[in-house]
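Q: Give me the fold of what follows.
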Amino acid sequence: MHKKNTLFFLLFCAVHTVFAQTSVDSLIRLLPKIVRDSNEVNLRNQISQKLTETNSNQALIYAHQAKMLSKQIGFTRGSVQALNNLSWIYYRQSDYAQAFDYATQALKLGEQIHDYQEVGRALSNIAAIYNEQKEYRLSIDYFEKALQAFEKMNDKAGLTRSLNNLAFTAYKAELYQSALGYGEKALQNSKEIGNQYYEAFALRTIGDVYAKKNKYAEALSRWTVAAEISKKIYNNSLLAAIWVRMGKAYQEKKSYTEAIGFFKKAIDIGENYGYKSEKAQAYQQLSQVYQIVGDFKQGFDYQQKYLTLHDSIFNEQNSQKIALLQTQFESERKQAEIQLLKRDKKLQESEIDNQRLILLSLVGGFSTILIVSVLFWWRSRERGKANVLLNKQKAEIMEQAEKLNRLNELKNTILSIVSHDLRSPLAALKNTIDVLDFGDVSANEWENVKTEFSKQLGMLDFTLNNLLLWAKSQMQGESTQKKVIDLQAMADNKVILFQPLAKQKKIQLLNEIPASAHAYADANQIKIVFRNLIANAVKFTKEGGTITISSYSENGHITVAVKDTGKGLSKEQVEKLFDNQKPMITRGTAGEKGSGLGLILSKDFLQKNNGEIWAESEVGKGSTFYFTLPTK
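A: Okay, here's the model as predicted:
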């Protein structure tokens, strides 16, 4: 959200002020007087552009009307403008899937008619969407392409916008020298064409670079000028972003009174105009400043406001990312279908040609029957080859579509786990630590808190390791290196690792695997299997219980069993244990939380080593998890 608010005006064609409504009203009054032709399309597109930042829903109506009328009268340039307007409006409304779809349509149509100004707009819209998804390298590539398009048209305003966008994106990509170079060029061009908004934006980006280099005096001097310009042109979005930056700079300089003043002004303007990202940043910084100056109550209050607003923004962005990925997937699938239809059409045309040839040959008389027969046979053989090739290509396309679906499911699972099992607990822990560090807490109480934090962070670290290993495995990045491994020594190592946790719950942890137990498998992957099974057993075994690790060999395989006297599982729960689409999330006997990935990861690694895994359990009596591996 913040990146969008800091970038969006540069991509739009004109800078809007509070005086724009008068211009819009006069344009709307012209509509009944205009003949229904390209002039009406241009007028509706112009109205849509002017309404985008003041009434986006009304802007959508005019853009759609321009698009429909352009199609009816065959006005291609009007269609491209309408598509670009729709893309930008949806981007401003955070509907990135729709924005991406309309931008790609505009780009394709603009290139067909060589309208490089609209091509530049479409490329800039796509770059902005990639910027929002933190794909900065891709964003820079598209902004540079937009720059080239505007150069072909000698569009100085477009050139300046692109230079500003490149400076801002390079800064976010941590390419600070490039950002400074682009920013200085944009500042010079802005002054030459007399555009104050572009000048303010360039100054803000240059200030960002100096702040990153801890040169706060240089940064503040640029931001102060940029803020004055923003006030003059009534650009509240840019003004709020600059005030947040100035507050941070004064905070770094330990000028806390000035910092608080700028943060509160940013909050006021954010509340008045709906700038969520600037409000969230100001809340977070105020929480830190108030804690530093000893006002812990206000510090805690602002931290809670920040967490609430930040969670709301995070959830919105997650939904938008999923929708955008789905749109990109649909776009790729449509392209595959188009290619398939083209091949089908070529095959049909080939069959029609064949029929014509046969008819002409029959008119020539019986003497040509032999020739016709030979030609028919040859055509049939070629058609057969084409069918074989077409079926092969269809199969390849379906396989690619299935891979994309699997990657999409993997992405959704990872986002869900990060959102629910990692992000929120870590945020809560950090918040509490921040407040406790400044509070009046006894040494004994602090030790108890640190012990609990260590336990919680340990569980989060365990979950994160499983998540990363599983994701790497699913994306085919994990190689299997098989060799003869000592199962008793491997189990001993993990028993030692989990002994402290077992002692806390007074659990007896026994390794009864004999010294002769060996398997032929990847050592690192089987260590992870042992780790996950023993961790689960400790988690779900009640205080005073027993965990036993044993093995037996038969028919060239060895079977390992991890048995506990825990709370057990129902038949329905056992059936869901290894479902990699919906990992089963449960809590242990001491409230320990897991992601459900450990068993899925173990199953994946065992399958790669020609092994199997299953479980037997009864509620109230405990569980036994078995896995097999080849011995050679």
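Q: Do you have the strands of the stretch 1-150 of the chain handy? List them.
A: Applying DSSP state E, counting those that start in this stretch to the stretch 1-150 of the chain gives no strands.
Q: need the helices for it, in chain order.
A: With DSSP state H, counting those that start in this stretch, the ranges of helices along the stretch 1-150 of the chain come out as 2-11, 20-30, 38-51, 56-73, 76-92, 96-112, 116-132, 136-152.
Q: now the ones you listed as a markdown table including mean neighbour count?
A: (Glycine included, C-beta is placed from N, CA and C.) Below are the helices of the stretch 1-150 of the chain laid out as a markdown table (neighbours: other C-beta atoms under 10 Å):
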| stretch | mean neighbour count |
| --- | --- |
| helix 2-11 | 20 |
| helix 20-30 | 14 |
| helix 38-51 | 22 |
| helix 56-73 | 18 |
| helix 76-92 | 25 |
| helix 96-112 | 21 |
| helix 116-132 | 25 |
| helix 136-152 | 20 |
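Q: Nearest to residue 574, out of those?
A: The minimum distance between residue 574 and the helices of the stretch 1-150 of the chain falls on helix 96-112, with 39.1 Å, by C-beta to C-beta.
Q: correct me, but residue 298 touches residue 292?
A: No. Residue 298 lies out of contact with residue 292 (C-beta atoms under 8 Å); the separation is 11.4 Å.
Q: Next, residue 547: secondary structure please.
A: strand (DSSP: H, G, I helix; E, B strand; the rest coil).
Q: And residue 160, how far from residue 60?
A: Distance, residue 160 to residue 60, by C-beta to C-beta, to the nearest Å: 28 Å.
Q: got the buried residues for stretch 564-583?
A: Using 16 or more other C-beta atoms under 10 Å as the test for burial, stretch 564-583 gives 564, 565, 566, 567, 568, 569, 574, 577, 578, 580, 583.
Q: tell me the contacts of the residue lying closest to residue 225 once chain neighbours are set aside?
A: The spatially closest residue to residue 225, leaving aside those adjacent along the chain, is residue 203, at 5.6 Å (C-beta to C-beta, 6 or more residues apart in numbering). Residue 203 sits next to 187, 222, 223, 225, 226, 229 when contact means C-beta atoms under 8 Å, 6 or more residues apart in numbering.
Q: Go again with 6 Å.
A: By C-beta atoms under 6 Å, 6 or more residues apart in numbering, the contact list for residue 203 reads 222, 225, 226.
Q: Please, which helix or strand holds the first one?
A: Taking DSSP states H and E as the definition, residue 222 sits inside helix 216-232.
Q: Convert that helix to PDB, retaining C-alpha atoms only.
A: Extracted C-alpha coordinates of helix 216-232, given in PDB (Å, rounded to 0.1, in the frame of the first residue of the first chain):
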ATOM      1  CA  TYR A 216      20.000  13.600   7.600                       C
ATOM      2  CA  ALA A 217      20.800  17.300   7.100                       C
ATOM      3  CA  GLU A 218      20.900  16.900   3.300                       C
ATOM      4  CA  ALA A 219      17.800  14.700   3.400                       C
ATOM      5  CA  LEU A 220      15.800  17.200   5.500                       C
ATOM      6  CA  SER A 221      16.700  20.100   3.200                       C
ATOM      7  CA  ARG A 222      15.300  18.200   0.200                       C
ATOM      8  CA  TRP A 223      12.200  17.000   2.000                       C
ATOM      9  CA  THR A 224      11.400  20.500   3.400                       C
ATOM     10  CA  VAL A 225      11.300  21.900  -0.200                       C
ATOM     11  CA  ALA A 226       9.300  18.900  -1.400                       C
ATOM     12  CA  ALA A 227       6.800  19.400   1.500                       C
ATOM     13  CA  GLU A 228       6.300  23.100   0.600                       C
ATOM     14  CA  ILE A 229       5.700  22.200  -3.000                       C
ATOM     15  CA  SER A 230       3.200  19.500  -2.000                       C
ATOM     16  CA  LYS A 231       1.200  22.000   0.100                       C
ATOM     17  CA  LYS A 232       1.200  24.400  -2.800                       C
END
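Q: buried sites along it?
A: Within helix 216-232, judged by 16+ other C-beta under 10 Å, the buried ones are 216, 219, 220, 222, 223, 225, 226, 227, 229, 230.
Q: any chance you could map the helices in the stretch 151-300 of the chain?
A: 156-172, 176-193, 196-212, 216-232, 236-252, 256-273, 276-292, 296-363.
Q: can you tell me how far residue 46 sits from residue 206?
A: Distance of residue 46 to residue 206, computed by C-beta to C-beta: 33 Å.
Q: Where does the prediction get shaky in the stretch 401-550 of the chain?
A: Where the stretch 401-550 of the chain drops to pLDDT under 70, the residues are 401-478.
Q: How about exporting stretch 92-108 as CSV, limited to the C-alpha atoms?
A: Output of stretch 92-108 as CSV, limited to C-alpha atoms (Å, rounded to 0.1, in the frame of the first residue of the first chain):
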residue,chain,number,x,y,z
ARG,A,92,-5.4,2.5,-7.5
GLN,A,93,-8.3,0.4,-6.1
SER,A,94,-5.7,-2.3,-5.3
ASP,A,95,-7.3,-4.8,-7.7
TYR,A,96,-4.0,-5.9,-9.3
ALA,A,97,-5.4,-8.8,-11.1
GLN,A,98,-7.7,-6.6,-13.2
ALA,A,99,-5.1,-4.0,-13.5
PHE,A,100,-2.6,-6.5,-15.0
ASP,A,101,-5.1,-7.9,-17.4
TYR,A,102,-6.1,-4.5,-18.8
ALA,A,103,-2.5,-3.3,-19.0
THR,A,104,-1.4,-6.3,-21.1
GLN,A,105,-4.4,-5.8,-23.4
ALA,A,106,-3.4,-2.1,-23.8
LEU,A,107,0.2,-3.0,-24.5
LYS,A,108,-0.6,-5.5,-27.2
